[in-house]
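**Student:** sharing a model prediction with you, sequence too.
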Amino acid sequence: MQWTYLPSMTIGGQQVVTASRSELTEALISDCHAFRRNDRPFGPRLVFDINGHGLSLSKTDASYRSALASADIIHADGGFLVTLSKRLNPTPITERSATTDLIHDFALRAREEGIRFFLLGGSEAVNAACARNLEEIYPGLSIAGRHHGYFSHEDADAVIDLINHSGADVVFVGLGKPNEQLFSVKNAHRIRSGWLVTCGGCFNYVAGEYDRAPEWMQRNNIEWLHRMATKPKQFFWRYLTTTPHALWIVATEAMKQRREQKT
């Protein structure tokens, strides 16, 4: 079985799909239906996000870097990657595909197509609120199962059994970087679903624990500034250190590519 093809480009040393949110959504629907028909025995399609934090982490954490290399899709959760891609590549990333938006895009179409979700991650309260809100916003959406993210290594087998018995087509893994990527790669061969999607703190937004930035900040790809300002204890130091590092990575990789093209 072939997954739906999505073109990609290289930015900051990572292969990132150039697909729009709607194209990613249709790929999910197509792949999940194909998975149901063929029952792929060797695991789901691994769908990871990349932003400034992730790009920086890929250069400092070897295990995370290795996990990224196993992804089937890496999409641009970070808006600055979209902006820079338009300056560095003739076929840039179409738009930012933040998981906080994609989960709603996916839910709308999943409801129409009977695609079932499993939510893994967050606290029990956040996880339950996220499931409840998705079902209220999208009546008819099937949340096949859910589990909080505070489980031990010893409990992982039971969590995977819960996922598999739920019959979910899409598993959202919100354990934070790098844990969600490491968990996904380690256990993909044991999980029976169409897509395995890492989503960071996405459940907190759906649950209403976090507020999105104003629309104008989202449109200009500077939502990270809003997060840094509104939750300084959680995000200030992260963005202060990783954003400059990520920009340096993109710049140095772009210069390296140009030198290679000239030789």
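**Tutor:** Cool, the structure landed.
**Student:** how about the helices in the chain?
**Tutor:** All helices of the chain, identified by DSSP state H, fall at 21-38, 52-60, 62-69, 79-88, 99-113, 124-137, 156-166, 179-187, 202-207, 215-219, 223-230, 232-262.
**Student:** mind checking which of the ones you listed is nearest Ser8?
**Tutor:** The closest of these to Ser8 is helix 79-88. By C-beta to C-beta, the value is 10.7 Å. Placement of C-beta: from N, CA and C, glycine included.
**Student:** and the closest one, how far out from the chain's middle?
**Tutor:** Offset of helix 79-88 from its chain centre (C-alpha atoms, centre = their mean, to the nearest Å): 18 Å.
**Student:** same thing with stretch 135-154?
**Tutor:** 16 Å.
**Student:** repeat that for stretch 199-219.
**Tutor:** Here the centre of stretch 199-219 is set off from its chain's centre by 14 Å, with C-alpha atoms, centre = their mean.
**Student:** check which residues of it are buried.
**Tutor:** 199-207, 210, 213, 217-218 (16 or more other C-beta atoms under 10 Å).
**Student:** and what of stretch 12-31?
**Tutor:** Buried residues in stretch 12-31, defined by neighbour count with 16+ other C-beta under 10 Å: 12-14, 16-19, 21, 23-25, 27-29, 31.
**Student:** farthest pair in those residues?
**Tutor:** Gly13 and Ile29 (30.5 Å).
**Student:** quick one: contacts for the closest residue to Ala27 other than its chain neighbours?
**Tutor:** Among residues not flanking Ala27 along the chain, Thr4 sits closest, at 4.0 Å (C-beta to C-beta, 6 or more residues apart in numbering). By C-beta atoms under 8 Å, 6 or more residues apart in numbering, the contact set of Thr4 is Glu26, Ala27, Ser30, Asp31.
**Student:** any idea how far Thr91 is from the third one?
**Tutor:** Computed with C-beta to C-beta, to the nearest Å, the distance linking Ser30 and Thr91 is 22 Å.
**Student:** how about the second one?
**Tutor:** Counting by C-beta to C-beta, the separation of Ala27 from Thr91 is 18 Å.
**Student:** point out where the stretch 1-150 of the chain drops to low pLDDT.
**Tutor:** Where the stretch 1-150 of the chain drops to pLDDT under 70, the residues are 1, 39-42.
**Student:** 80 instead?
**Tutor:** Residue ranges of the stretch 1-150 of the chain with pLDDT under 80: 1, 38-43.
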